[in-house]
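Q: Next one to model:
(chains A and B)
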Protein chains: 2
Amino acid sequence: MRFDITSRSSFGKARAGIVYTAHGSFETPVFMPVGTHASVKAICPRDLESIGVGIVLANAYHLYLRPGHDLVKRMGGIHRFMAWPHPVLTDSGGFQVYSLADLREISEDGVAFRSHLDGSLHFIGPKESMEIQRDLGADIAMTFDECVPYPSEYDYVSRSVELTARWAERCRDFWNGSEQSLFGIVQGGMYADLREKSAADMVSLVFDGYAIGGLSVGEDMATRLDMIETTKKCLSEDKPVYLMGVGSPEDLIEASLRGVDMFDCVMPTRNARNGMLFTSKGKLSIKNLHFRDDPRPPDDECECYTCANFSRAYLRHLFLSREILAYQLNTLHNISYYMKLMSGIRNAIRQNTLDKFIEKFYERQTLLKEEFS
Amino acid sequence: MRFDITSRSSFGKARAGIVYTAHGSFETPVFMPVGTHASVKAICPRDLESIGVGIVLANAYHLYLRPGHDLVKRMGGIHRFMAWPHPVLTDSGGFQVYSLADLREISEDGVAFRSHLDGSLHFIGPKESMEIQRDLGADIAMTFDECVPYPSEYDYVSRSVELTARWAERCRDFWNGSEQSLFGIVQGGMYADLREKSAADMVSLVFDGYAIGGLSVGEDMATRLDMIETTKKCLSEDKPVYLMGVGSPEDLIEASLRGVDMFDCVMPTRNARNGMLFTSKGKLSIKNLHFRDDPRPPDDECECYTCANFSRAYLRHLFLSREILAYQLNTLHNISYYMKLMSGIRNAIRQNTLDKFIEKFYERQTLLKEEFS
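A: So this is what the prediction gives:
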């Protein structure tokens, strides 16, 4: 893996670049749609390609449980399995073990847990996570980390940061290298000194990139940005930085401004399935009675297939009728919105107009609301 | 509307032709995917176009209840509403009033019923059906008919056939003509003489085409084909004949052979959502454990996006994970299969090789089953 920084913004610490992997390159800052079960929900790979998606994320935890990483390997690996020949990143399973599984028991070797699907007993630690991710064959693998709840006591987070460092080292040792890159994950809760310690731990282990984990867990925006800044300044300047699971449009802008290069979040896809559409004038709930007779597209500045062909009235009808097409069209639009936002951020960095881009973004966020008040 | 018969098979009564409407033409025999709520479930219009769909069906009953035919009209009509600029046929609501609604009360003017959605009271008769279909603006509208259950007593069916004829006449009188064509529906249960009477009634009223209704309601294949033959021979030779709601691959072949020109059925789309895929070697249930490790496409003779890119193993995984993409990919494949089947039938009629086409079709229907036994 290679990371070339091609532009830096004089406003903030934002940078634009390109990451090269065995399955092609992608431009940063990048947003990675989430394909939990080796499918970005309600959208097919050719549509992802057509709207400019450069890399998708899949989850080791889910694919380990179903259909099994060994099956994915036998079917030719994750790229072939999901018919996505472009870059893929797999999460290590750390986060899901904590957020989804039951009856966790943590030991030095990893976590024993019960499947959220059928209650069966499983064990994933650094070794197992690396094996799973190796079989899946993503371009970028993540270290196995402990994710602490929010809020957590200082002492607990402190011990957890040390365990996460030992696990990261074991991941690095079990990692086979070859074409798969490995990113270390920084934890540390909302404690600046623990974030700094965790970042230093990861940097000393030397990874291909570094991730900021454990955010967007209930903290306010100011705290989150504080933790991002604190962590970022401790990381190697020439490696990509990935902010995990954080991804409202505002998050993407503020974190890009602070030098983050990669993002993933279920927000565009999950919100699409809940009828919430992102537009250049703010968010839109398609269920709203306002849109019953509205012949306009969701976003008249968007050129996606949904906006080019369908009215708010039709999308509202599909959503209320629980038609699968509602999820398809909403998802296509929301990911398109995210792709356009990220390409806007990248262009603004290259042209050194990020301050104006951000100002305009915030100015326009309430336009839709004002229309209806 | 114009119907040109361009070829006739010397085997059976099959014919191939072209129907010209205000929104373009389609070749017959044709299969119309069902878009109940103005959406063919789990597939977008551009994908329907790309796999050769020439005309889709929508339901007056459903669209009357939600979002309302008046809304569809205000949004520019059904074509604009669903972003399908090609031909559309709307069913009259007759069948749905009987199969879905509660507390029906039939009078000379129509049927009072309660909505299957919220129990609200409604009334649809010939006049209302024509108004609804006029507002929807489909290229082909259907007369409002009474659909009798199966089995039904001769006397009841006989009275029903008379009511259906009176309703058909009132539909014709309420019909505005213009660019919308109107098809009369033949009923008569499984009684040959009532079918003949109903067909004669419709022919004497002179419609743009004729439909055979009330089949695939529980009768066996022999009875169904008997009723199709009986009805067909009483209909005008130069008008398109539409067999309503009947559509297994075998039905399409046998009815095409007997001179039917148009078909609709939820089978390809509904079965797709239940994990049943049609293939050139017979049906395939994607849930089956057989396919767990199967890297082959559903149908190696199919060129659809699904078969070109995805394995049975992946589709099984998607289906068991209840991923929306499962419904999308299965639907795309099944409609592609139906389109290929119909174009095969049309080509065989044109080349006068329908007998061989049918022989080969039946020979190959068990190949997949034999593979696994």
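Q: What residues does chain A have near chain B?
A: Listed as neighbours of chain B in chain A under the rule CB under 8 Å from any CB of the partner chain: A:37-46, A:66-67, A:71, A:74-76, A:81-83, A:292-293, A:295, A:305, A:309-311, A:313-314, A:316-318, A:320-321, A:323-325, A:327-329. Heads up, the C-betas are built off the backbone N, CA and C, glycines and all.
Q: What's the PyMOL line that selects buried ones from these?
A: For selection in PyMOL, the members of these meeting the burial criterion (16 or more other CB atoms under 10 Å in any protein chain shown) are listed in this command:
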select buried, chain A and resi 37+38+39+40+41+42+43+44+45+67+71+74+75+81+82+83+292+305+309+310+311+313+314+316+317+318+320+321+323+324+325+327+328+329
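Q: Flag every buried residue along stretch A:77-87.
A: Going through stretch A:77-87 with 16+ other CB under 10 Å, the ones that come out buried are A:Gly77, A:Ile78, A:His79, A:Arg80, A:Phe81, A:Met82, A:Ala83, A:Trp84, A:His86, A:Pro87.
Q: That stretch: end-to-end distance?
A: Terminal residues of stretch A:77-87 lie 12 Å apart, using CA to CA, to the nearest Å.
Q: Centre of the chain to that stretch, how far?
A: Relative to the chain's own centre, stretch A:77-87 is displaced by 18 Å; criterion: CA atoms, centre = their mean, to the nearest Å.
Q: and the nearest residue to A:Gly77 once chain neighbours are set aside, what is it in contact with?
A: Spatial nearest neighbour of A:Gly77, excluding adjacent residues (CB to CB, 6 or more residues apart in numbering or on different chains): A:Gly137 at 3.4 Å. Under the criterion of CB atoms under 8 Å, 6 or more residues apart in numbering or on different chains, the contact list for A:Gly137 reads A:Val72, A:Lys73, A:Gly77, A:Ile78, A:His79, A:Gln180.
Q: nearest to B:Glu196, of those?
A: Using CB to CB, A:Val72 is the member of these that sits closest to B:Glu196, with 60.5 Å.
Q: quick one, what contacts the closest one?
A: With contact taken as CB under 8 Å, 6+ apart, A:Val72 is in contact with A:Ala38, A:Leu63, A:Ile78, A:Phe81, A:Asp135, A:Leu136, A:Gly137.
Q: Identify the farthest-apart pair in those residues.
A: A:Ala38 and A:Asp135 (12.6 Å).
Q: Centroid-nearest residue for chain A?
A: A:Asp264 (1.0 Å; CA atoms, centre = their mean).
Q: Torsion angles phi and psi at it?
A: Dihedral angles phi and psi of A:Asp264 (degrees, to the nearest 10) take the values phi -140, psi 150.
Q: Isn't it up against A:Leu252?
A: No. Here A:Asp264 lies out of contact with A:Leu252, judged by CB atoms under 8 Å, at a distance of 10.6 Å.
Q: shared neighbours of the two, which are they?
A: When contacts are counted by CB under 8 Å, 6+ apart, the set common to A:Asp264 and A:Leu252 consists of A:Phe31.
Q: Show me where the stretch 101-250 of chain A has its strands.
A: According to DSSP state E, counting those that start in this stretch, the stretch 101-250 of chain A carries its strands in the segments A:102-107, A:110-114, A:121-124, A:140-142, A:181-186, A:209-212, A:241-243.
Q: Tell me which residues touch the residue of the stretch 151-300 of chain A found nearest chain B, please.
A: In the stretch 151-300 of chain A, the residue found nearest to chain B is A:Pro295; the distance is 5.6 Å by CB to the nearest CB. Residues in contact with A:Pro295 (CB under 8 Å, 6+ apart) are A:Ser311, A:Arg312, A:Ala313, B:Arg74, B:Met75, B:Gly76.
Q: what comes up buried for stretch A:214-223?
A: Across stretch A:214-223, burial judged by 16+ other CB under 10 Å covers A:Gly214, A:Leu215, A:Ser216, A:Val217, A:Glu219.
Q: Contacts only, for the residue nearest to the centre of chain A.
A: Contacts were defined as CB under 8 Å, 6+ apart; by that measure A:Asp264 touches A:Phe31, A:Met32, A:Pro33, A:Val34, A:Leu57, A:Leu89, A:Tyr242, A:Met244, A:Gly245, A:Gly247.
Q: Which among those count as buried?
A: In terms of neighbour count (16+ other CB under 10 Å), the buried residues within the contacts of A:Asp264 are A:Phe31, A:Met32, A:Pro33, A:Val34, A:Leu57, A:Leu89, A:Tyr242, A:Met244, A:Gly245, A:Gly247.
Q: how close does the residue of the stretch 101-250 of chain A found nearest chain B get to B:Leu320?
A: Among residues of the stretch 101-250 of chain A, the one nearest chain B by CB to the nearest CB turns out to be A:Leu117. It sits 9.6 Å away. Counting by CB to CB, to the nearest Å, the separation of A:Leu117 from B:Leu320 is 10 Å.
Q: Next: A:Val88.
A: As judged by CB to CB, A:Val88 and B:Leu320 stand 21 Å apart.
Q: A:Gly275 now?
A: A:Gly275 is 26 Å from B:Leu320, by CB to CB.
Q: what do you get for A:His122?
A: When CB to CB is applied, the distance between A:His122 and B:Leu320 equals 18 Å.
Q: Then A:Leu243?
A: Applying CB to CB, the value for A:Leu243 to B:Leu320 is 32 Å.
Q: what does A:His62 give?
A: Remark: distance between A:His62 and B:Leu320 (CB to CB) = 12 Å.
Q: Same question for A:Ala60.
A: 18 Å.
Q: Same check on A:Glu229?
A: Taking CB to CB, one finds A:Glu229 at 43 Å from B:Leu320.
Q: tally of neighbours for the residue lying closest to A:Ala165 once chain neighbours are set aside?
A: Using CB to CB, 6+ apart and skipping residues adjacent in sequence, the residue nearest A:Ala165 is A:Asp201, 3.9 Å away. As a burial measure, A:Asp201 scores 21 neighbours (other CB atoms under 10 Å in any protein chain shown).
Q: wait, what's in contact with A:Asp201?
A: For A:Asp201, the residues meeting the contact criterion (CB under 8 Å, 6+ apart) are A:Val161, A:Thr164, A:Ala165, A:Ala168.
Q: does A:Leu163 really touch A:Cys147, like I thought?
A: No. Taking CB under 8 Å as the contact criterion, A:Leu163 and A:Cys147 are not neighbours in contact, 11.2 Å apart.
Q: So which of those two has more stuff around it?
A: Under the neighbour definition other CB under 10 Å, A:Leu163 and A:Cys147 were set side by side, and A:Cys147 has more, 21 against 15.
Q: Below-threshold pLDDT in the stretch 251-373 of chain A: ranges please.
A: Per-residue confidence of the stretch 251-373 of chain A (counting by pLDDT under 70) places no residue in a weak region.
Q: what about the helices in it?
A: Taking DSSP state H, counting those that start in this stretch, the helices of the stretch 251-373 of chain A run over residues A:267-273, A:305-309, A:312-320, A:324-350, A:354-364, A:367-371.
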